[in-house]
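Trainee: Structure here, sequence nowhere to be found:
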């Protein structure tokens, strides 16, 4: 069956979640055809700093050149294939393979081979790009580093489409106009297909059902003792309580779709709070940007944005979630927190508290999401052949905008899925 | 049953006090393993913290994310959730069994006057046909350790704290 036969306008065949053949093709065509988020350039501030990760299942690293440019290179020695950059992060003036000592400049060009005379008369020579560390096509938008295996992919800014405005807004929230990755990275293993995760991220129908246990626990614990406004406890409770919004409130959220599978959700909770820490932060932003501009920046209430297929950003609490398919039923999600430069420690610490509360493997909110994902994955091993994404199907009207009670953003993801899986490279 | 690292503590930590403190740590583990969470929480001070760092190097839980960083209120939240009939993931009970090495009274914490005790541990968790092993070191800060010892801090450093994890629902 051609892959596109697995997807209809408002339903998909369960095989999209469970077939290894589908996953292999997704790696090749979706992850191999789109731009993918690699990292943030604040992770590699100094010349020679590098950060190792994967792009479409292939080991790569981003490294800061002496010129200040960021290069994304395959972490694959052209000699016998070893990883050249070791560890998760490091700093190198040049890169030497640990196996036979081939050395490369930080832009990937081959610099030296020990016992070069062994290659006399062969095609191996310094200056031949076949023996360099192969670069990926890469681009940096506002410090967010992306790379693609597809030379025909559109320019990054065009591909990002309106998601660029979300990355703009995240950056502008920093009084100094700069962000930095800080405070560590959660690595969460989910027992679900990668798509199941993306399909949940603007879903306003699930919280009341999935998150009952944490909602009712917070009711019981808080009965008669409201935490002090502005305290960590109050923030924690506010984060949990956001899942208790009724369907009318969820319906009032705005979910927009654009580009190749991307989407944003606005209005989930008011991230601005009126307490001394928040006021100090807003004053710092006003001092740098002026009152009108600060107000514009802060009232763009993006709760999250999916940048299909490997990134979900969370502007109000400065979180990044990077998605790595491991197998049909395992997904690794790396969660990073960005620090707003120019904001006070107390304000930035709220984003750490948010990460702990929502994204830690121990989060009492997330564990119930993980269970729902696991059940979706396990259920899709059998039963009926097709699963539904009919909620508020307005395909005829273009599906561009909707609420968090609509499944239009999932249908939008599958239009991108079909486009890539048909083999389109741009 | 309890070793004493700092010789200046020898006089304070009489055999009967050592026994009492060792029993406190024993009960702390045992009540988690038997699911008696209210009795467990009663072993902690009102201003207690349950902390499991993500990185062994992180100096605190404020500027760096943690696997757990819970005050008493958050601990109560977790306990209430563990009991909730619609905690979907807990349809199958989680069972745990802990084993601790001999505790060591290390020192007096200067800022609080609390006694610091460390103890290596292993915990086996069984949930839905799957068994996981957690191992590392507990660090306890015991408030008012001479008269009415209670736990102000339980810190858990896992040997594999930086590893990718599936959900961790129980205290460790």
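Mentor: Here it is on my side, so go on. What you see is a predicted model, and the numbers here were worked out from it, not measured in a lab.

Trainee: Tell me the secondary structure at the residue most central in space within chain B.
Mentor: Nearest to the mean C-alpha position of chain B, by Cα atoms, centre = their mean, lies residue B:154 at 4.1 Å. Going by DSSP: H, G, I helix; E, B strand; the rest coil, the secondary structure assigned to residue B:154 is strand.

Trainee: Write down the beta-bridge partners of it, one by one.
Mentor: With DSSP bridges applied, the residues forming beta bridges to residue B:154 are residue B:50, residue B:140.

Trainee: ok, now how distant is it from residue A:199?
Mentor: Using Cβ to Cβ, to the nearest Å, residue B:154 is found at 38 Å from residue A:199. Backbone N, C-alpha and C define where each C-beta goes, glycine included.

Trainee: Kindly provide the distance from residue A:228 to chain B.
Mentor: Applying Cβ to the nearest Cβ, to the nearest Å, the value for residue A:228 to chain B is 11 Å.

Trainee: again with residue A:103
Mentor: Separation of residue A:103 from chain B (Cβ to the nearest Cβ): 30 Å.

Trainee: who touches that residue in this structure?
Mentor: Under the criterion of Cβ atoms under 8 Å, 6 or more residues apart in numbering or on different chains, the contact list for residue A:103 reads A:94-97, A:110-113.

Trainee: Show me where the stretch 51-200 of chain A has its strands.
Mentor: Assigned by DSSP state E, counting those that start in this stretch, the strands in the stretch 51-200 of chain A fall at A:58-64, A:70-74, A:89-91, A:95-96, A:103-104, A:110-112, A:137-141, A:144-148, A:179-190.

Trainee: Which one of the ones you listed lies nearest to residue A:21?
Mentor: Go through those one by one with Cβ to Cβ and the one that ends up closest to residue A:21 is strand A:58-64, at 19.4 Å.

Trainee: ranking the strands of the stretch 51-200 of chain A by burial, who's on top?
Mentor: Per residue and on average, the most neighbours among these fall to strand A:144-148, with a mean of 25 (mean count of other Cβ atoms under 10 Å in any protein chain shown).

Trainee: Identify all contacting residues around it.
Mentor: So strand A:144-148 is contacted by A:33-41, A:55, A:60, A:62, A:70, A:72, A:136-140, A:156, A:167 (Cβ under 8 Å, 6+ apart).

Trainee: least trustworthy helix or strand in chain B by mean pLDDT?
Mentor: For chain B, using mean pLDDT, DSSP states H and E, the weakest element among its helices and strands is helix B:72-83, scoring a mean of 92.

Trainee: How about the residues of chain B by chain A?
Mentor: In this structure, chain B approaches chain A at residues B:52, B:54-55, B:58, B:61-69, B:71, B:73-74, B:76-78, B:80-81, B:84, B:86-90, B:162-169, judged by Cβ under 8 Å from any Cβ of the partner chain.

Trainee: These in helices, which ones?
Mentor: Those of the residues of chain B next to chain A mapping onto helices are B:73-74, B:76-78, B:80-81, per DSSP state H.

Trainee: How far does whatever helix or strand residue B:32 lives in sit from its chain's centre?
Mentor: Under the assignment given by DSSP states H and E, the secondary-structure element containing residue B:32 is helix B:15-33. The chain centroid and the centroid of helix B:15-33 are separated by 12 Å under Cα atoms, centre = their mean, to the nearest Å.

Trainee: For it, give me every contacting residue.
Mentor: Defining contact as Cβ under 8 Å, 6+ apart, one finds that helix B:15-33 is touched by B:1-2, B:4, B:13, B:37, B:39-40, B:43, B:96-98, B:100, B:103, B:105, B:115, B:117, B:119, B:121, B:138, B:140, B:142, B:145-146, B:149, B:151, B:154, B:170-171.
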